[in-house]
Every structure is written in structure tokens, then in C-alpha cells.
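K.L.:
Model the structure of this input:
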Amino acid sequence: MKFFRFDAGTAKPVTHGGSDFTVQPFVRSGGRFQTALMTLGENGVIAYHEASVPQVMIVLSGSGTVCNEEKRYHPVREGSAVFWDRGEWHETRSEKGMTALVIEGEGLKESDILL
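P.N.:
Below you'll find the model as predicted:
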């Protein structure tokens, strides 16, 4: 058995492009996919950007809003997930804070999500 830390002390701050969140890379599998914990504090934002690969964001705690190219914001909260395809522009915001697990990879398809 081996234990790993992924608390706030091991996360990396991201502030470029107007972003304000922390990221903790979590698992990577031979280039097929990677996962990371994203933590948005109060008034946190993952700034508007293009998805380089298909990705799903699973909200583990807290709440926020997400948008796509239409810039229409939709609420997300603990227990919800959002899928973005490659090339889709999007943004994530949180007024009160949110933690999410992001899974991304070349072969990921919306139909892979079993929810």
C-alpha cells in the first residue's frame, strides 16, 4: 500500500489568462487520459479557453456556473458533471468555491460517461 497527498499544500496555482484556481494533477495513463483536481476558491474562475481534448468535469463539492461558446451560463453543483468536446470553448466560475475532478483524453467520448 502506498499513500499520496493531494491537499491544498500540493496544488499549483493557475492565474494566467484571467484564471484564479488551483490544479492538482492526479493520474495519467500512458497518454490515453489524465485526471486533475481543480479547486476554485471564492470568486474563482477557470478562464474562457478551448478544450484541447475531450474532457468531463465532475463537481465533487461546492457549486458554480459553466458556459460554452454561446456565453450562456448554466449552474453546476456537487453531484453534477459536464462534458466538453475537443475544440469547444468554455469557462467555469464559482462565487462560493468548488472542487472538481477533470478527466480528459483523446479517446474520451460523451457515450463513455455511464451516468
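K.L.:
Only C-alpha atoms from now on, for both contacts and neighbour counts.
P.N.:
OK.
K.L.:
what number of residues lie near Asp7?
P.N.:
9 (other CA atoms under 10 Å).
K.L.:
likewise Ile113?
P.N.:
Neighbour tally, Ile113, other CA under 10 Å: 10.
K.L.:
any idea how far it is from Leu40?
P.N.:
As judged by CA to CA, to the nearest Å, Ile113 and Leu40 stand 24 Å apart.
K.L.:
same question, Ser80
P.N.:
16 Å.
K.L.:
Pick out whichever of those two has more residues nearby.
P.N.:
Leu40 (26 against 15).
K.L.:
Touching, that one and Val23? I think so.
P.N.:
No - counting by CA atoms under 8 Å, Leu40 does not reach Val23; the two are 9.0 Å apart.
K.L.:
Put the alpha carbons of the lengthiest strand in the chain into CSV.
P.N.:
In the chain, assigned by DSSP state E, the strand with the most residues is strand 55-67. Written as CSV, here are the backbone C-alpha positions of strand 55-67 (Å, rounded to 0.1, in the frame of the first residue of the first chain):
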residue,chain,number,x,y,z
GLN,A,55,-13.0,16.3,-21.1
VAL,A,56,-15.5,15.7,-18.4
MET,A,57,-15.7,17.8,-15.2
ILE,A,58,-17.3,16.1,-12.2
VAL,A,59,-18.2,18.5,-9.4
LEU,A,60,-17.2,16.9,-6.1
SER,A,61,-18.1,19.8,-3.7
GLY,A,62,-19.5,23.3,-3.9
SER,A,63,-21.2,25.0,-6.8
GLY,A,64,-20.6,27.3,-9.8
THR,A,65,-21.5,28.0,-13.3
VAL,A,66,-20.2,26.9,-16.7
CYS,A,67,-20.6,28.3,-20.2
